[in-house]
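In: After the sequence you'll find the predicted model.
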Amino acid sequence: MNTWNQIYNPLGNAALSTVAAAIPVVTLLVLIASGKVKAHIAAIIAVIVTNLITIFVFTMPANMSIRATLLGVITGFFPIGWIVLNVIFLYQVTVRCGKFELLKRAVGGVTEDRRLQLLLIAFSFGAFFEGASGFGTPVAITGAVLIGLGFSPLAASGLSLIANTAPVAYGALGTPIQGLASVTGLDPYILGAMVGRQLPLFSLIVPFWVVWAFAGWRGMKEVWPAILVTGVSFAVPQFVISNYINPWIVDIGASLISMGALILFLKVWQPRQLWLSPALRGRDESAATMAAAPPLDKTPLTQSEMWSALLPWIIVCILMLIWGNGAFKAWANANFVWNYPVPELDKLIFKVPPVAAKPTPEGAVFGFTYLSFTGTGMLIAAIISGLLMGFSPLKLIAEYGRTIRICAISLITISAMLAIGTLTRLSGVDATLGLAFAATGVLYPFFGTLLGWLGVALTGSDTASNVLFGNLQKITSEQLGLSPILMAAANSSGGVMGKMIDAQSIVVASTATNWYGHEGSILRYVFLHSIVLACLVGLFVTLQAYVYPFTMLVLK
C-alpha cells in the first residue's frame, strides 16, 4: 500500500503555509462567532474546507483525507457524543420524576446566593467530574444543573466553560499527563509535579474570575472570603497531591476537599446581601429567553428527601470513579472491544522531523471499547437511577427517545467537529501551526504555552493536544536550551485555557443548557477570557524559565 509523509511547509514559505493551515479553524470559528450560521452548518462547511486544504495544499491523498474525515465523524459520536447524550438523559430523568426540584432545594439550602452556587457547582463539583471522567462530562453536567437551578442559558454555559479549566490537566484520572509521558518519554510523576507548580496559581485565580465574570467586581468583592476558601482548598491539595502523591487522583482529592471546605464555611458565613439574579451582570441576551422562575421552596428537606435528591448524582460519582479506574478500563478494553484499523489509512501516514524525532506512523484505528466508554457508565447510572426513582423500563425507553430528539443536531455537530480535528491531526495541518509557534526563539516559553492552548482549541482535548505537540515541545526546548520538562508541562497547563473555546465543548454546553443554535454567543462571550488566561499562564511559564528556575526542582 502507498504511504504518505506529512508535509509541514507545502508552499515553500513558512508564513504562507501557516496561513493555509489556519484556514480550517478560522473558518469554523468565524462562522460560529458570526451568529448567522447554525453550528452544524458551520461545522459541515468547515469539514469541506479542511478537506480542500489537506488535499490541494498539503497534498494528502484524497482517499486518505476522506477516510480520516469519516474516522473523525465516528469518533465524534463515540466517545464524546455518547457522553453528552447520556448526561442529558440522566438530567431529563431527574427532571421528569421531580428529583431535580429536590436537588435545587438542597443546593438552595446550602446557599441561595447565585455567586456561591457557581463556586459549588461550576468549579468544585465540575472539577470532580473532570477528574473522574473528563472529555466533556463536567460541562455537560454542570451546565444542566445550573440551568435547572435557574441560571440564564448564557451564564450556565459560559461560566461552566470558564470554570472547567484549572482541573483539566489532571482530567479523567490523569489521562492528559499519561498521554504527555507516552509521547515524550518523560516520567509522568515528574510531569505531573511540574504541572502542579503551574496550575495551582490559576486554581486560585479561576474562582475569582468566574464570579467576577458573573457578578462584576463589586459582586465578587462581597463574597471574596468564600471564593478564597474555594480556591485555596483546591489549589493547595492540587499542589500537594501532584508533587507528593501521584498525578492520577489530583482532581478527585482537590475537588472533594474544596466542596467540603466551602460547604462547611457557608455554615458559619453568608454574604450580607444575597445575589439572586440568574443573569450575567450587564448585557445577557439569553435572559430574555427565560420563563419567569417560580419562587424557590424554602421548606427544609427531610433526611430522606435529601438522600433522594442526591441519589442519582451519588450513583454517577461512584460509577464515574469505577469507569475512570485504570484496572477497570484495562479489563473492559481487553474483553469488550472491537478494533477497526481503517484500511488504506492506519499506519500509512508518517509524522516526520522536526515534529517527530524519526518517521513515525500515525495510527488510525477506531477502538469501539463499548463498555469502558464514559458515556456507557453514564447510561448505566441513568438507568439505575431511573429504576430506583420509579421509572418503568418502557418509560425509560420513551424518555431516551425524547433525549435523542433533543440532542440529534448537537450530535451531528460534535461529529463534524471531531472530523475536523482528526483530519488536521493526520494531515499535519496542526503540526504546521505548531512549528510556527516553535520558531519564536527566546519568547518560546510564552508561545510554547500558547501552542498547548491552540492544541486544545483545535482538538477539544488536553490529552490530544499533549499527544499532538508534546514531542515537538520536547525537541524545541532542548534545541533552545530550555527544560523539556517545563515546556512539556506548559503544553498541558496552557491547554486547559483552550478548553473553553473549542467548538466541541461549546456545543456540549449549548446542548446541556438547552440553548442550541446560540453557539456563536457562547463563543464570543468566552473567547476573551480564554485568550487572557492563556497569556497569563504563558507569562508565568516564562518566569519559571528565566526568573524563577528553582521551580524546576522536583521534590521526589
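Out: Arrived safely.
In: Report how many residues lie close to residue 101.
Out: Per other CB atoms under 10 Å, the neighbour tally for residue 101 reads 16. All C-beta spots, glycine's among them, are computed from the backbone N, C-alpha and C.
In: Same question for the one 4 residues further on.
Out: Under the neighbour criterion other CB under 10 Å, residue 105 is assigned a count of 18.
In: And the helix or strand where residue 130 lies, what does it pack against?
Out: Using DSSP states H and E, residue 130 sits in helix 126-132. Counting contacts by 3 or more CB pairs under 8 Å, 6 or more residues apart in numbering; DSSP states H and E, helix 126-132 packs against helix 137-148, helix 171-184, helix 250-268, helix 303-324.
In: can you count the residues close to residue 423?
Out: Look at residue 423: counted by other CB under 10 Å, it has 27 neighbours.
In: still on that earlier bit, any idea which of the helices and strands packed on helix 126-132 gets closest to residue 60?
Out: Proximity to residue 60 (CB to CB) singles out helix 171-184 among those, at 21.8 Å.
In: hmm, back to that, which of the helices and strands packed on helix 126-132 is buried the deepest?
Out: Mean neighbours per residue, mean count of other CB atoms under 10 Å, is largest over the helices and strands packed on helix 126-132 for helix 137-148, with a mean of 28.
In: just checking, next helix/strand downstream of the longest helix seen in the chain?
Out: The residue-count maximum for a helix in the chain (DSSP state H) belongs to helix 393-427. Reading on from helix 393-427 to the C-terminus, the next helix or strand found by DSSP H and E is helix 429-438.
In: any idea of the mean pLDDT in that following helix?
Out: The average of the pLDDT scores along helix 429-438 is 86.
In: Mind giving me the packing neighbours of that helix?
Out: helix 14-34, helix 39-56, helix 444-459, helix 462-480.
In: which residues are in contact with that helix?
Out: Helix 429-438 is contacted from outside by 6, 8-9, 14, 17-18, 20-22, 24, 50, 53-54, 58, 351, 354-355, 423-424, 444, 447-448, 450-451, 454-455, 458-459, 468-469, 472, 476, using CB atoms under 8 Å, 6 or more residues apart in numbering.
In: how many degrees apart are that helix and helix 39-56 in direction?
Out: Comparing the axes of helix 429-438 and helix 39-56 via axes from the mean of the first three to the mean of the last three CA atoms, to 10 degrees yields an angle of 80 degrees.
In: tilt between helix 429-438 and helix 444-459?
Out: Using the same axes, to 10 degrees: helix 429-438 against helix 444-459 is 160 degrees.
In: From here on, call the first residue 36.
Out: Will do, 36 is the new start, and the previous item becomes helix 464-473.
In: now helix 464-473, how far from the chain's geometric center?
Out: With CA atoms, centre = their mean, to the nearest Å as the basis, helix 464-473 stands 22 Å off its chain's centre.
In: Stretch 127-147 too?
Out: On the basis of CA atoms, centre = their mean, stretch 127-147 sits 25 Å off its chain's mean C-alpha point.
In: And stretch 160-168, by the same measure?
Out: So, by CA atoms, centre = their mean, the centroid of stretch 160-168 is 10 Å from its chain's centroid.
In: Then stretch 124-143?
Out: Here stretch 124-143 is found 24 Å from its chain centre; the criterion is CA atoms, centre = their mean.
In: what about it, how long is it end to end?
Out: End-to-end distance for stretch 124-143: 24 Å, by CA to CA, to the nearest Å.
In: about what we covered before: would you mind listing the buried residues in the longest helix of the chain?
Out: For helix 428-462, burial by neighbour count (16 or more other CB atoms under 10 Å) applies to 431, 434-435, 438, 441-442, 444-462.
In: burial of residue 37, as a residue count?
Out: 8.
In: ok, now residue 560?
Out: 25.
In: my read: it touches residue 188, true?
Out: No - Residue 560 is not in contact with residue 188 according to CB atoms under 8 Å; the separation is 10.9 Å.
In: list the helices and strands the lowest-mean-pLDDT helix or strand in the chain packs on?
Out: Least confident helix or strand of the chain, by mean pLDDT, DSSP states H and E, is helix 134-145 with a mean of 83. When contacts are defined as 3+ CB pairs under 8 Å, 6+ apart, helix 134-145 packs onto helix 117-131, helix 172-183, helix 338-359.
In: if we can go back for a sec, what's the closest of the helices and strands packed on helix 464-473 to residue 398?
Out: Residue 398 lies closest, by CB to CB, to one member of the helices and strands packed on helix 464-473: helix 497-515, at 10.6 Å.
In: following that closest one, which helix or strand comes up?
Out: Using DSSP H and E, the next helix or strand after helix 497-515 towards the C-terminus is helix 519-530.
In: Could you identify the helix or strand that succeeds that next one?
Out: Going down the chain from helix 519-530, the next helix or strand is helix 538-547, by DSSP H and E.
In: which residue packs closest to residue 510, ignoring adjacent ones?
Out: Nearest residue to residue 510, sequence neighbours excluded (CB to CB, 6 or more residues apart in numbering): residue 389, at 6.1 Å.
In: quick one: secondary structure of that neighbour?
Out: Here residue 389 is coil, with the state taken from DSSP: H, G, I helix; E, B strand; the rest coil.
In: List the contacts of it.
Out: Contacts for residue 389 (CB under 8 Å, 6+ apart) come out as 470, 473, 507, 510-511.
In: What residues does residue 156 make contact with?
Out: The contact partners of residue 156, by CB under 8 Å, 6+ apart, come to 142, 177, 180-181, 184.
In: Hmm, I typed the wrong one, I wanted residue 124.
Out: Shown in contact with residue 124 (CB under 8 Å, 6+ apart): 413-414, 417, 434-435, 438.
In: I'd like to know how far the residue nearest to it when sequence neighbours are not counted sits from residue 393.
Out: Nearest residue to residue 124, sequence neighbours excluded (CB to CB, 6+ apart): residue 438, at 4.4 Å. Remark: distance between residue 438 and residue 393 (CB to CB, to the nearest Å) = 47 Å.
In: okay but residue 447 is in contact with residue 77, surely?
Out: No - the criterion here is CB under 8 Å, and residue 447 misses it with residue 77 at 11.7 Å.
In: And for stretch 134-149, what's in contact with it?
Out: Residues from elsewhere that reach stretch 134-149, judged by CB under 8 Å, 6+ apart: 126, 129, 151-152, 155-156, 180, 183-186, 249-250, 258, 298, 301, 305-306, 309-313, 331-336, 340-341, 343-348, 424.
In: Low-confidence regions, the stretch 486-591 of the chain specifically.
Out: Within the stretch 486-591 of the chain, the stretches with pLDDT under 70 are 584-591.
In: for the residue nearest to residue 124, what are its contacts?
Out: 120, 123-124, 127.
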